[in-house]
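*Asks:* Return atomic coordinates for the entry below.
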Amino acid sequence: MNRVMVLISLSDSGIETIKSNPELPKKEMEFVNQWKQENILEIFYISETKKGAVLIFQNVDETKTKELIEILPYFPFMEKIEYHKVNKQF
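*Replies:* The predicted structure follows:
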């Protein structure tokens, strides 16, 4: 099954902004939870430092995945975003 894996790194200044605004994480998680319910987000990991994340999308193509990432409240604070088409083996 085809998936799109997204690797995200937040900027240091972005982390500080996010930490100083407790509403941002709540808004971010609303999107994550909605995508999970819609069965388009299969996996969501956050690094221990909370500076990085791995998301694996299913049932959407890379173009749609990019559109979804760009609507996230954290998007302006993302320093690096990588998109990889992957196939689930097991």
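*Asks:* got a list of what Asn2 touches?
*Replies:* Residues near Asn2 by CB atoms under 8 Å, 6 or more residues apart in numbering: Gln58, Lys85, Val86, Asn87, Lys88. Backbone N, C-alpha and C define where each C-beta goes, glycine included.
*Asks:* try it again with 6 Å
*Replies:* Asn2 is in contact with Asn87, counting by CB atoms under 6 Å, 6 or more residues apart in numbering.
*Asks:* and what of Arg3?
*Replies:* Applying CB under 6 Å, 6+ apart to Arg3 gives the contacts Ile56, Gln58, Val86, Lys88.
*Asks:* Among those residues, name the ones in strands.
*Replies:* Among those, DSSP state E puts Ile56, Gln58, Val86 in strands.
*Asks:* of these, buried ones?
*Replies:* Buried by 16 or more other CB atoms under 10 Å: Ile56, out of the ones in strands among the contacts of Arg3.
*Asks:* Could you let me know which of the ones in strands among the contacts of Arg3 ends up closest to Leu72?
*Replies:* Ile56 (15.4 Å; CB to CB).
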